[in-house]
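S.K.: Here's my sequence, what's the structure:
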Amino acid sequence: MPIITHEDELELAKTEQELVKQIKKHSRAQTVLINSQQKYAENLTKANLAREMLNRTFRDVLKQMQTLVREKRSNIKDEEVNLFQEIIHQNDNYIENTKKYIDAIKNLTLKKEYFVEKKQEFANALNDVAQRRSTVIKKALSVEKKKNDLIEGEKMKILESEFNDIQREFDRARDVMIKSLNQFLQERDEVDSLWMKVKDSVSKMS
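M.R.: Residues are numbered from 1 along each chain as shown. Model prediction:
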């Protein structure tokens, strides 16, 4: 089994900081995507309002057709009336389905914004841990060196006390990071759940 050295822990701290960079980079990409999804929901809303206006006009035409079709000499066929009725009925369904879909997307993007915030909090907490990890290791190496130099006991006690303080600060930072990671994972599960609601809201919306 290989011997773990201080260099391995310093390498871990360095890699953790690289992970922080990648998390923040991905968060920025997700924010761009969220903005696109919000714009998509806005455009869908506009299109749905236009469909509602369209359907209102279809109804006006249908009403006039139904009045005229009673007259035998009118140029309206029952087939035309039936086709217009079918179009209006389908449009009503499309409008309702689109509203449900838009609501699902809006709920998802709101949750995703909060999710990205939690991801950023985790990244910041991890960055704090990585920096403190390096400090702890370097202080431990310094204390070991002083021990080897056989410095007087009182000075050694001060150094060990300083190291213990740094270690406690690291432990606190790690606890904050773990809590932050758990919150991030919880938010991720909720985002996954809302994605399934978006999927379930998809229906016929020509």
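S.K.: just checking, what's the longest helix in this protein?
M.R.: As assigned by DSSP state H, the longest helix anywhere in the chain is helix 78-148.
S.K.: Going C-terminal from it, what's the next secondary structure element?
M.R.: Per DSSP states H and E, the first helix or strand lying C-terminal to helix 78-148 is helix 153-201.
S.K.: What angle do helix 78-148 and that following helix make with each other?
M.R.: Here the directions of helix 153-201 and helix 78-148 differ by 170 degrees (axes from the mean of the first three to the mean of the last three C-alpha atoms, to 10 degrees).
S.K.: Which elements pack onto helix 153-201?
M.R.: Applying 3 or more C-beta pairs under 8 Å, 6 or more residues apart in numbering; DSSP states H and E, we find helix 153-201 packed against helix 78-148. Backbone N, C-alpha and C define where each C-beta goes, glycine included.
S.K.: now with 10 Å?
M.R.: helix 6-69, helix 78-148 (3 or more C-beta pairs under 10 Å, 6 or more residues apart in numbering; DSSP states H and E).
S.K.: what's the distance between it and the middle of its chain?
M.R.: Its chain's average C-alpha position is 19 Å from that of helix 153-201, according to C-alpha atoms, centre = their mean, to the nearest Å.
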